[in-house]
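K.L.:
missing the sequence, but the structure's below:
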């Protein structure tokens with residue numbers, strides 16, 4: 001029962017973080033980020049999800065994300081993405097900046113539209129200046 005509560009709390013926290021980051025998507029990207037490096041990192045994240053490599057995905061992330069990406073959460077992500085069929089391509093990538101008001105830490109927030117055989121998914125992926133994965137959301 002405690003592990004279900006922990007999973008729920010982690011998921012709620014992840015959703016709240018993504019919501020906060022999404023609300024700041026109109027901000028200018030810090031000059032400390034390289035857009036080409038971000039695009040490559042996004043492709044890497046999406047390919048890692050498609051390969052169902054949970055350990056690699058965790059290793060890309062900040063501590064909070066590593067804790068939120070439990071085996072159960074990863075299993076659900078992989079199952080949902082598999083419903084889309086075979087991955088075909090990333091159709092569009094939009095990059096914006098976000099600054100956390102409390103910590104003043106700057107992030108790159110990326111919205112990537114990915115086409116699969118049956119469905120399309122929109123990924124919202126957030127990176128720190130050190131290019132660590134700080135947020136992952138899909139719909």
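P.N.:
On my side now, so go ahead. Worth saying up front: this structure is predicted, and the values here are computed from it rather than measured.
K.L.:
going forward, measure contacts and count neighbours with C-alpha atoms only.
P.N.:
Fine.
K.L.:
Show me the strands in this structure, by range?
P.N.:
Chain-ordered strands for the chain, with DSSP state E as the definition, fall at 87-99, 106-116, 120-128, 133-138.
K.L.:
Nearest to residue 34 among the ones you listed would be which one?
P.N.:
Closest approach to residue 34 among the strands of the chain (C-alpha to C-alpha): strand 106-116, 9.7 Å.
K.L.:
The closest one versus strand 120-128: what angle between them?
P.N.:
Per axes from the mean of the first three to the mean of the last three C-alpha atoms, to 10 degrees, the angle that strand 106-116 makes with strand 120-128 is 160 degrees.
K.L.:
how far off strand 87-99 does strand 106-116 point, in degrees?
P.N.:
Going by the same axes, to 10 degrees, strand 106-116 makes 160 degrees with strand 87-99.
K.L.:
Averaged pLDDT, strand 106-116. What do you get?
P.N.:
Confidence over strand 106-116, taken as the mean pLDDT, stands at 96.
K.L.:
how distant is it from the center of its chain?
P.N.:
In terms of C-alpha atoms, centre = their mean, to the nearest Å, the gap separating the centre of strand 106-116 from the centre of its chain is 7 Å.
K.L.:
got it, and stretch 94-104?
P.N.:
With C-alpha atoms, centre = their mean as the basis, the distance from the averaged C-alpha position of stretch 94-104 to the chain average is 15 Å.
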